[in-house]
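>>> Sequence and predicted structure, then a few things I'm wondering about:
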Amino acid sequence: MSARLLPVPLLLLGLTTAAAEPQAKPAAPRAFERMRGLIGNWVAALPNGKPYRVSFRLIAGDSALVETYTTASGKETMTIFTLDGDRLLATHYCAQGNQPRLALRGEGDGPLAFDFVDVTSLRDPASSHLRHLELAVSRDELIETEVYRSAGKDEAERFVFKRAP
């Protein structure tokens with residue numbers, strides 16, 4: 001029997017059944033919603049005992065989450081997280097003057113892992129640049145792992161932040 005010959009009540013039954021089934025939200029929007037919980041100030045202790053502070057805030061009509069911090073050299077650095085269709089992107093505006101873009105990998109249910117997509121303003125391919133970023137998020141703790149590549153070698157830094165009062 002063709003669809004155009006189905007009685008109207010059967011067509012409506014099919015439509016209401018399909019509409020009643022819950023649809024899972026895609027990974028990127030779910031991850032971005034989780035990241036909204038980072039809004040505020042965070043502090044970690046560096047190996048030398050000095051505090052390392054980062055802050056998160058929403059901008060652009062709440063469509064972008066900005067992580068900001070100041071490096072030991074006094075240069076401000078930020079990473080901006082935005083949705084791009086079904087992708088969650090992180091663009092890292094590095095104190096070194098380059099801008100790597102990374103995309104969320106996986107479903108975003110555990111630690112949020114972002115992998116390298118491309119980079120702008122990288123003057124020399126051997127120059128240091130961010131290749132991987134991982135955020136393990138809980139209510140009062142953020143574990144951030146950054147992997148930088150320089151001269152073909154990867155080096156990881158791990159920071160354990162606590163929510164600042």
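That came in fine, so what should we check first? Everything numeric here is computed off the predicted structure, so don't read it as measured data.

>>> all helices of this structure, in order?
For the chain, the helices defined by DSSP state H occupy 8-20, 27-35.

>>> Can you flag the weakest of the ones you listed by average pLDDT?
Ranked by mean pLDDT, the helices of the chain end with helix 8-20 at the bottom, a mean of 41.

>>> In the chain, where is pLDDT below threshold?
Low-confidence segments of the chain (pLDDT under 70): 1-25, 108.

>>> Just the strands from it, written as ranges.
With DSSP state E as the criterion, the chain has strands at 40-45, 51-59, 64-70, 76-84, 87-93, 99-105, 112-120, 129-137, 141-150, 153-163.

>>> Turn the ones you listed into a markdown table, columns for distance to residue 28.
C-beta coordinates here come from the backbone N, C-alpha and C atoms, glycine included. A markdown table is the format used below for the strands of the chain (distance: least, Cβ to Cβ, whole Å):
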| stretch | distance to residue 28 |
| --- | --- |
| strand 40-45 | 22 |
| strand 51-59 | 16 |
| strand 64-70 | 13 |
| strand 76-84 | 6 |
| strand 87-93 | 4 |
| strand 99-105 | 6 |
| strand 112-120 | 10 |
| strand 129-137 | 14 |
| strand 141-150 | 19 |
| strand 153-163 | 23 |
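
>>> For those, give me TSV that also has mean neighbour count and distance to residue 33.
Converted to TSV, these look like this (neighbours: other Cβ atoms under 10 Å; distance: least, Cβ to Cβ, whole Å):
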stretch	mean neighbour count	distance to residue 33
strand 40-45	16	16
strand 51-59	15	12
strand 64-70	17	10
strand 76-84	17	10
strand 87-93	19	10
strand 99-105	20	13
strand 112-120	17	11
strand 129-137	19	11
strand 141-150	17	16
strand 153-163	13	18
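
>>> Residue 27: which of these is closest?
strand 99-105 (6.9 Å; Cβ to Cβ).

>>> same for that closest one, what does it pack against?
Strand 99-105 is packed against helix 27-35, strand 87-93, strand 112-120, strand 129-137, with contacts defined by 3 or more Cβ pairs under 8 Å, 6 or more residues apart in numbering; DSSP states H and E.

>>> Kindly recompute the last result at 6 Å.
Using 3 or more Cβ pairs under 6 Å, 6 or more residues apart in numbering; DSSP states H and E as the contact test, the elements touching strand 99-105 are strand 87-93, strand 112-120, strand 129-137.

>>> May I see those strands arranged in CSV, with distance to residue 31 as well?
Listed next are the helices and strands packed on strand 99-105 as CSV, based on distance: least, Cβ to Cβ, whole Å:
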stretch, distance to residue 31
strand 87-93, 5
strand 112-120, 6
strand 129-137, 9
